[in-house]
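S.K.: requesting a structural model of the entry that follows:
(chains A and B, ligands or ions: 1)
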Amino acid sequence: MHADDSADSRIIEQLRNRDPNGIAAAYDRYGRSAYALFVRITHDRAAAEDLLQELFLRLWDRGVKFDSSKGALGVWILSIARNLAIDHVRSAQTRFSSRLRSMEHLESLCFGDHPSGRESRITDVRSIQEAFAALSADEKRVMELAYFEGFSQSEIAANIQEPLGTVKSRVRSALGRLRVALGGNKKP
Amino acid sequence: MTHAEMSEVYELYALGVLEPEAAAEIDQHLRDGCEHCERHVADAMGLVAAMASLAEPESPRAQVRERILGVVKPQRQRPTRNWMYAAAALAAACAALIIFSVSSRSELRHMRERLAALTEERDQLRSAVQILSRPDTRAVGFGRAGNAPHGRVLVNRNGGFVFVGSQLPELGSNQTFELWLVPASGAAPQPAGLFRPNAQGDSVHVSSAAVDARTTKAVAVSVEPSQGSNAPTTTPILVVPLA
Ligand SMILES: [Zn+2]
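M.R.: Model prediction:
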């Protein structure tokens, strides 16, 4: 779904020009992935629809700032989506907890008003699904808690009632295996 | 952290689940411009973003797309930014909810647009509160109370800025105010958002654009055609130096 980078560049150009077609195209390209992520994290379809709207209005708001040479449209959309959803769940639980960290680096990856920053392309979806499927059940569990719940390693340890050291080594081996499976992070 | 230690945690950093001290160290290291780590963090962000595809496929209802596209219109009259408006709009939205069961298709659409506008309103207020509550936010006043334009600009290097203005001149129906960030380098001003004051001539505009006071010399306001411009087409009515 994300192989065609030139489509992203075109969308970014439209967003920079405040052209609503850019939102339509971005929605058609990433809306379903973002919605699936919202449903998975919130377990609430009505909330997921609201978050989807919030996400794309935010994209509309920030779109003029995108730098098409950095190509990070999908990375921005799905990173912000995850943050919105986890924040939503946490504020609903009124759980005072380490909010996800600031997205400072995401900004520099995506926006033209940051001098540095590199291209960031979304990893090929099929390879990550295959790589993830090859992890052990324990590794999958810790990665799901980190990604979908936004848990820190100590929160994961508390959740699955394992020592922090065990969790850390599981996370490390899972990430190591994902990295290797994805070709040392080379782009597809 | 050594470089070798850092290279172990790029993905955890990208996931946002690294301990705060370690994350701050990497933030600083990236700000210092390490290209090696930058490249790897960019890859890690791509990997983390792709993890979204591990969620079970789901499709939103078709109305959601319509609702979003109903809100993003380039010529749309932007609502004034103040609490009274939000309260009035909320009351209207509640009234619309009450008649939900008998409402026509067009009323429903109107209500959705209203709710979408409220969502945006709430986002703006939320970002304003976030910017105002940061300890490193600076306030720069301009003008004098009275009949001349006056107000303040609250700037946060990372969080954006809030423009609060009173007694701004009257706009024609096909005009808007446009905010500009004026780079210290002498480069062309960057567009930073459109706004229209309320009937009393007051306005609040929140921009999430990062403003680095070292490279941005001033915030300016000019009168532009209602869809806004890419570069100022009139002499700015206000130039607020940030230094
Ligand atoms: Zn480095």
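S.K.: now the most centrally placed residue in chain A: how far from the ion?
M.R.: What sits nearest the mean C-alpha location of chain A, by C-alpha atoms, centre = their mean, is A:Ser79, with 3.0 Å. Using C-beta to the ion, to the nearest Å, A:Ser79 is found at 21 Å from the ion. (C-beta placed from N, C-alpha, C; glycine too.)
S.K.: B:Ser207 too?
M.R.: Distance from B:Ser207 to the ion, by C-beta to the ion: 32 Å.
S.K.: now do the contacts for that residue.
M.R.: Contact analysis of B:Ser207 by C-beta atoms under 8 Å, 6 or more residues apart in numbering or on different chains lists B:Gly160, B:Phe161, B:Val162, B:Phe163, B:Leu179, B:Ala192, B:Gly193.
S.K.: and the nearest residue to the third one once chain neighbours are set aside, what pLDDT?
M.R.: This means B:Val162. Closest residue to B:Val162 apart from its sequence neighbours, by C-beta to C-beta, 6 or more residues apart in numbering or on different chains: B:Leu154 at 4.4 Å. Predicted confidence (pLDDT) for B:Leu154: 83.
S.K.: am I right that B:Leu154 falls within a strand?
M.R.: Yes. Counting by DSSP: H, G, I helix; E, B strand; the rest coil, B:Leu154 is located in a strand.
S.K.: quick one on the thing from earlier: what about the contacts of B:Ser207, which one has the most neighbours?
M.R.: B:Phe161 (28 neighbours; other C-beta atoms under 10 Å in any protein chain shown).
S.K.: if I read this right, it contacts B:Val211, doesn't it?
M.R.: Yes. The pair B:Phe161 / B:Val211 is scored as a contact, 5.1 Å apart, by C-beta atoms under 8 Å.
S.K.: any bit of stretch A:76-96 sitting next to chain B?
M.R.: Yes. Against chain B, stretch A:76-96 shows contacts by C-beta under 8 Å from any C-beta of the partner chain at A:Leu78, A:Ser79, A:Ala81, A:Arg82, A:Asn83.
S.K.: picking up where we left off before, which strand residues bridge the residue nearest to B:Val162?
M.R.: For B:Leu154, the beta-bridge partners are B:Ala139, B:Val162 (DSSP bridges).
S.K.: what sits against it?
M.R.: B:Ile131, B:Leu132, B:Thr137, B:Arg138, B:Ala139, B:Val140, B:Phe161, B:Val162, B:Val164.
S.K.: nearest spatial neighbour of residue 151, skipping sequence neighbours?
M.R.: Picking chain A for this. A:Leu145 (4.6 Å).
S.K.: my bad, chain B
M.R.: B:Gly165 (3.9 Å).
S.K.: cool, and B:Ser53?
M.R.: A:Val125 (4.3 Å).
S.K.: and the helices in chain B?
M.R.: B:3-8, B:10-15, B:20-31, B:35-50, B:62-71, B:83-98, B:105-133 (DSSP state H).
S.K.: can you list the ones you listed in JSON lines and add distance to the ion, mean neighbour count and mean pLDDT?
M.R.: Formatted as JSON lines, the helices of chain B follow (distance: least, C-beta to the ion, whole Å; neighbours: other C-beta atoms under 10 Å in any protein chain shown; pLDDT from 0 to 100):
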{"stretch": "helix B:3-8", "distance to the ion": "6", "mean neighbour count": "12", "mean pLDDT": "88"}
{"stretch": "helix B:10-15", "distance to the ion": "10", "mean neighbour count": "25", "mean pLDDT": "91"}
{"stretch": "helix B:20-31", "distance to the ion": "5", "mean neighbour count": "15", "mean pLDDT": "89"}
{"stretch": "helix B:35-50", "distance to the ion": "3", "mean neighbour count": "22", "mean pLDDT": "90"}
{"stretch": "helix B:62-71", "distance to the ion": "39", "mean neighbour count": "17", "mean pLDDT": "92"}
{"stretch": "helix B:83-98", "distance to the ion": "45", "mean neighbour count": "13", "mean pLDDT": "56"}
{"stretch": "helix B:105-133", "distance to the ion": "30", "mean neighbour count": "16", "mean pLDDT": "68"}
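S.K.: the helix or strand bottoming out on mean pLDDT in chain A: how far from the chain's middle?
M.R.: Here the helix or strand of chain A ranked lowest by mean pLDDT, DSSP states H and E is helix A:104-110, holding a mean of 74. Centroid separation for helix A:104-110 versus its chain: 13 Å, with C-alpha atoms, centre = their mean, to the nearest Å.
S.K.: output that helix in PDB with nothing but the alpha carbons.
M.R.: Provided in PDB are the C-alpha atoms of helix A:104-110 (Å, rounded to 0.1, in the frame of the first residue of the first chain):
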ATOM      1  CA  GLU A 104      10.200  16.600  18.400                       C
ATOM      2  CA  HIS A 105      12.000  14.300  16.100                       C
ATOM      3  CA  LEU A 106       9.000  13.500  14.000                       C
ATOM      4  CA  GLU A 107       8.600  17.200  13.300                       C
ATOM      5  CA  SER A 108      12.200  17.500  12.000                       C
ATOM      6  CA  LEU A 109      11.600  14.400   9.900                       C
ATOM      7  CA  CYS A 110       8.500  15.900   8.200                       C
END
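S.K.: is the ion within reach of it?
M.R.: No. Helix A:104-110 does not reach the ion (C-beta under 5 Å from the ion); its nearest approach is 12.8 Å.
S.K.: in the next helix or strand after that helix, which residues are buried?
M.R.: Where DSSP states H and E defines the elements, the next helix or strand beyond helix A:104-110 is helix A:125-133. Within helix A:125-133, the residues that count as buried by 16 or more other C-beta atoms under 10 Å in any protein chain shown are A:Val125, A:Ser127, A:Ile128, A:Ala131, A:Phe132.
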